[in-house]
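Asks: Provided below for reference: sequence and predicted model.
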Amino acid sequence: MKLKLLTLCLLIFSFAAFAQESPLENATYFELRIYTAHEGKLPDLINRFKNHTMALFEKAGMTNVAYFEPLDKEENKLYYILGYPDKASRDSMWQTFLNDPDWKAAYEKSRENGPLVAKIDEQFMTLAPGLNEGDFIGESGVFQLRTYYCYDGKIDDIQKRFKNHTQALFEKQGLINYPYFLTEENDGSQPKLVYLLGHRDRGQFDQAFDNFRNDPDWIKARDASEENGKIVERVDAVYLKALPFSPMK
């Protein structure tokens, strides 16, 4: 009887995990937004998103993908990713959101003791082809947001290397692949590769990444891919932690 009950519980848990909707569902165009808060205002900003903004984004048709704060508290920033059905819908959805009386009321209420946001940075993105086969349903204690600046003409090479080698070698070391994006550059220049990499533990993340870099299979794949020249000019990386209400964890 106990065994049957345990089996039933496992089946229910498995079904619930399977049925959970991916945070990338129904979106083809994405926006990474980074808010720098005024001094001492980051908790108020996070609460505004938790209690008002997220629901009003959804009301306007947007998809809440992920919400993060940096592990380095001195950054005083909120990182988040929104999804849209397509590029054309982005501006109209934002106008709907900004003109919503509920948003206007929440916005003014939150500013009674001073403005919350000092600066906003934004980056538009699409999903990198062939690099997003997973459902990205999981849970990590720490993330790295990684941005790859490639040499001219090398963006296809970096995508090929990730698809054929890097993603599997990350998983081999216990690192978790999250979404991979290509940026949309205003000047029409070559896009950057942006992705999230996760692990359950901050200290183990560093060890796992060191193990990846020293893996003979990685070294072999890297050297073979660079026979015609280096691919990556620079990598920017920032450690993040998912906020409790983030759809992606």
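Replies: Yep, that arrived.
Asks: so who does residue 57 touch?
Replies: 64, 82, 97 (CB atoms under 8 Å, 6 or more residues apart in numbering). All C-beta spots, glycine's among them, are computed from the backbone N, C-alpha and C.
Asks: checking the last one next. Helix, strand or coil?
Replies: Put simply, residue 97 is helix when judged by DSSP: H, G, I helix; E, B strand; the rest coil.
Asks: just confirm it contacts residue 60, I think it does.
Replies: Yes - assessed by CB atoms under 8 Å, residue 97 is found in contact with residue 60 at 4.1 Å.
Asks: any low-confidence regions in this structure?
Replies: In the predicted model of the chain, residues 1-23, 134-138 satisfy pLDDT under 70.
Asks: hmm, try it at 80
Replies: Low-confidence segments of the chain (pLDDT under 80): 1-25, 134-139.
Asks: show me where this structure has its strands.
Replies: Taking DSSP state E as the criterion, the chain carries its strands at 29-37, 63-70, 77-84, 117-127, 142-150, 176-183, 193-199, 232-242.
Asks: columns mean neighbour count and distance to residue 108 on top of those, output as CSV?
Replies: Shown next, in CSV, are the strands of the chain (neighbours: other CB atoms under 10 Å; distance: least, CB to CB, whole Å):
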stretch, mean neighbour count, distance to residue 108
strand 29-37, 19, 17
strand 63-70, 21, 22
strand 77-84, 23, 19
strand 117-127, 14, 14
strand 142-150, 19, 32
strand 176-183, 22, 34
strand 193-199, 22, 34
strand 232-242, 15, 29
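Asks: which one of the ones you listed lies closest to residue 164?
Replies: Proximity to residue 164, assessed across the strands of the chain by CB to CB, is greatest for strand 176-183 (13.6 Å).
Asks: and the closest one, what does it pack onto?
Replies: strand 117-127, helix 167-172, strand 193-199 (3 or more CB pairs under 8 Å, 6 or more residues apart in numbering; DSSP states H and E).
Asks: can you lay out those as JSON lines showing distance to residue 230?
Replies: Compiled in JSON lines, those are given as follows (distance: least, CB to CB, whole Å):
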{"stretch": "strand 117-127", "distance to residue 230": "24"}
{"stretch": "helix 167-172", "distance to residue 230": "19"}
{"stretch": "strand 193-199", "distance to residue 230": "15"}
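Asks: spatially nearest residue to residue 30 (excluding sequence neighbours)?
Replies: residue 125 (4.5 Å; CB to CB, 6 or more residues apart in numbering).
Asks: ok, the one you found to residue 248 distance?
Replies: Plainly put, residue 125 is 14 Å away from residue 248 if you go by CB to CB, to the nearest Å.
Asks: what bridges to the residue nearest the centre of the chain?
Replies: What sits nearest the mean C-alpha location of the chain, by CA atoms, centre = their mean, is residue 196, with 5.3 Å. Beta bridges link residue 196 to residue 145, judged by DSSP bridges.
Asks: how much space between it and residue 175?
Replies: As defined by CB to CB, residue 196 lies at a distance of 11 Å from residue 175.
Asks: on that earlier part again, residue 25 is nearest to which of the helices and strands packed on strand 176-183?
Replies: strand 117-127 (12.0 Å).
Asks: contacting residues around the closest residue to residue 200 other than its chain neighbours?
Replies: With CB to CB, 6+ apart as the criterion, residue 200 has its nearest non-adjacent residue at 4.7 Å, and that residue is residue 141. In this structure, residue 141 makes contact with 199-202, 241, judged by CB under 8 Å, 6+ apart.
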